[in-house]
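K.L.:
Curious how this folds, go ahead:
(one chain, ligands or ions: 1)
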Amino acid sequence: MTLQFSARTRWALQPTPYALALQAARASSAPLFDLTASNPTTCGFEYDSAGILRALSQPECLEYEPDPRGLPIARRAVANYYAEAASAKAAMEQIFLTTSTSEAYSYLFRLHCDPGSEILIAQPSYPLFEFLADLDDVRLMPYSLFYDHGWHLDLAALVARITPETRAVIVVHPNNPTGHFTSAQEREALERVCREHRLALIVDEVFLDYAFDSSAKNPSSFAHGEHPVLTYVLSGLSKVAALPQMKAAWIAAFGPAPILNEATARLEVIADTFLSMNAPVQHALPYLLANRHSVQRQILERVRRNLAVLDARLADSRWTDATALSRLEVQGGWYAVVRVPALCSGEALAIRLLQEQRVAVHPGYFYGFDGDGWLVLSLLPNCEEFAEGTDRLIHFFR
Ligand SMILES: Cc1ncc(COP(=O)(O)O)c(C=O)c1O
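P.N.:
Below you'll find the predicted structure:
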């Protein structure tokens, strides 16, 4: 019997040559310098394990009292987070808990899109969006960012992509992997365009708390200030508390009253259909959020130090123009982008680095960079591994 499968699941399921090379490199006993590591729970940070486990085992965790928006105690903790981290007022009724930012996107796609609807998304950006959109029958329309002493929004290019099917614009703030914040002027321009074209603004702020310059000229959270258009701010524990295994995230919805009320009423029905949050993590959320600072400090120290190592190694190396490597400007997040000579395709280059230097990096095309010659390095690995990986990378090009 031949089963029928949906067209949206017609994926190429065979591993790519890069995935196979990575698998082989990981299986071998020789050390691998993994500059793709992005799981904070395996990067040697110290967590308050006893406190976390205590927070997860409160007697209330055994009760089932579902609330489609999330338990009040947990939503209050998220509201407090915005008050503290962004001087922003988010009422509890505006907050919806989800198991991940990915699930939050899916709720919003279902809220705003019909099959064939379009969502605008920056390029380069985080690669998971394509799968999320496919699963909800939404079309992603990329708008380019351009680099000129920092990354900028090409507003004209964005406007040119708007069609009658467009429903929303996604902004990642700061963006992954370019690590740039949307400026206050860009925010204003985006809000103007969204108002003119009746689009919602979806802002992913999972890396908001990881600004390198804490004296911060960094623009604040989109939760802060006025909201002339329907604005959804997304974040979650996977980056805010470096606890991806907890599966807790949220949507904070803002906007003019009538449309905000309509949006949240509909969103509640979507959330009620799944009731996907579990009780233990919701009861633990106040503790997990209140105790985020220690691990955030460790991560910021690590990424700043690794960035300094990368810069020092790049500056020390004597390059000819043909072999030069340069790091792009970055304001926050867990990644750095390095411009490298385009010796071969991005995938072939990443495979050669694995096989010849035992260094794992992400080629830029994973994130939608135009053309070859871009590598994305995670700044999370421990400093010794990062320094050795960087040395090997530079050695390869020299
Ligand atoms: C920009 C961005 N959004 C969302 C996520 C996923 O977050 P979650 O674990 O909450 O789904 C990631 C993960 O790296 C990310 O980089």
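K.L.:
does residue 311 count as helix, strand or coil?
P.N.:
helix (DSSP: H, G, I helix; E, B strand; the rest coil).
K.L.:
Not counting residues beside it along the chain, what's closest to it?
P.N.:
Leaving out its chain neighbours, the residue that sits closest to residue 311 by Cβ to Cβ, 6 or more residues apart in numbering is residue 327, at 6.4 Å. Glycine gets a C-beta too; all of them are placed from N, C-alpha and C.
K.L.:
tell me, how many neighbours does the one you found end up with?
P.N.:
When neighbours are defined as other Cβ atoms under 10 Å, residue 327 has 15 of them.
K.L.:
show me what contacts it?
P.N.:
307, 310, 311, 314, 336, 337, 338, 339 (Cβ atoms under 8 Å, 6 or more residues apart in numbering).
K.L.:
what do you get if the cut-off is 7 Å, keeping everything else the same?
P.N.:
Residue 327 sits next to 310, 311, 314, 336, 338 when contact means Cβ atoms under 7 Å, 6 or more residues apart in numbering.
K.L.:
same question, residue 209
P.N.:
Per Cβ under 7 Å, 6+ apart, neighbours of residue 209: 85, 240, 296.
K.L.:
Name the member of those residues with the shortest distance to the ligand.
P.N.:
Distance to the ligand across the contacts of residue 209 (Cβ to the nearest ligand atom) is lowest for residue 240, with 9.2 Å.
K.L.:
Identify the residues contacting the closest one.
P.N.:
209, 292.
K.L.:
now do 6 Å
P.N.:
residue 292 (Cβ atoms under 6 Å, 6 or more residues apart in numbering).
K.L.:
Strands of this structure, residue ranges please.
P.N.:
33-34, 95-98, 118-123, 139-147, 151-153, 166-172, 200-204, 231-236, 249-254, 326-327, 335-339, 359-360, 362-363, 374-378 (DSSP state E).
K.L.:
Reformat these as CSV; add distance to residue 53 and mean pLDDT.
P.N.:
Converted to CSV, those look like this (distance: least, Cβ to Cβ, whole Å; pLDDT from 0 to 100):
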stretch, distance to residue 53, mean pLDDT
strand 33-34, 28, 96
strand 95-98, 21, 98
strand 118-123, 38, 96
strand 139-147, 40, 94
strand 151-153, 40, 95
strand 166-172, 32, 98
strand 200-204, 29, 98
strand 231-236, 20, 98
strand 249-254, 21, 98
strand 326-327, 39, 94
strand 335-339, 30, 97
strand 359-360, 32, 98
strand 362-363, 33, 94
strand 374-378, 28, 97
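K.L.:
Using a markdown table, lay out the ones you listed together with distance to residue 291.
P.N.:
Shown next, in a markdown table, are the strands of the chain (distance: least, Cβ to Cβ, whole Å):
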| stretch | distance to residue 291 |
| --- | --- |
| strand 33-34 | 28 |
| strand 95-98 | 18 |
| strand 118-123 | 32 |
| strand 139-147 | 35 |
| strand 151-153 | 32 |
| strand 166-172 | 26 |
| strand 200-204 | 23 |
| strand 231-236 | 16 |
| strand 249-254 | 17 |
| strand 326-327 | 33 |
| strand 335-339 | 25 |
| strand 359-360 | 32 |
| strand 362-363 | 31 |
| strand 374-378 | 24 |
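K.L.:
Now distance to the ligand too, for those strands, in JSON lines please.
P.N.:
Output for the strands of the chain, formatted as JSON lines (distance: least, Cβ to the nearest ligand atom, whole Å):
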{"stretch": "strand 33-34", "distance to the ligand": "16"}
{"stretch": "strand 95-98", "distance to the ligand": "8"}
{"stretch": "strand 118-123", "distance to the ligand": "10"}
{"stretch": "strand 139-147", "distance to the ligand": "14"}
{"stretch": "strand 151-153", "distance to the ligand": "14"}
{"stretch": "strand 166-172", "distance to the ligand": "5"}
{"stretch": "strand 200-204", "distance to the ligand": "5"}
{"stretch": "strand 231-236", "distance to the ligand": "4"}
{"stretch": "strand 249-254", "distance to the ligand": "4"}
{"stretch": "strand 326-327", "distance to the ligand": "19"}
{"stretch": "strand 335-339", "distance to the ligand": "9"}
{"stretch": "strand 359-360", "distance to the ligand": "17"}
{"stretch": "strand 362-363", "distance to the ligand": "12"}
{"stretch": "strand 374-378", "distance to the ligand": "10"}
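K.L.:
Go through those strands and name the closest to residue 16.
P.N.:
Closest of the strands of the chain to residue 16 is strand 362-363, at 10.6 Å (criterion: Cβ to Cβ).
K.L.:
Counting by contacts, list what the closest one packs against.
P.N.:
helix 346-352 (3 or more Cβ pairs under 6 Å, 6 or more residues apart in numbering; DSSP states H and E).
K.L.:
Try it again at 7 Å.
P.N.:
For strand 362-363, the packing partners by 3 or more Cβ pairs under 7 Å, 6 or more residues apart in numbering; DSSP states H and E come out as helix 346-352, strand 374-378.
K.L.:
Ranking these by mean neighbour count, which comes first?
P.N.:
Mean neighbour count (mean count of other Cβ atoms under 10 Å) peaks for strand 374-378 among the helices and strands packed on strand 362-363, with a mean of 24.
K.L.:
Output the contacting helices and strands for it.
P.N.:
By 3+ Cβ pairs under 7 Å, 6+ apart, strand 374-378 packs against strand 335-339, strand 362-363.
K.L.:
Turn the ones you listed into CSV, columns for distance to residue 290.
P.N.:
As requested, these are exported to CSV (distance: least, Cβ to Cβ, whole Å):
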stretch, distance to residue 290
strand 335-339, 27
strand 362-363, 33
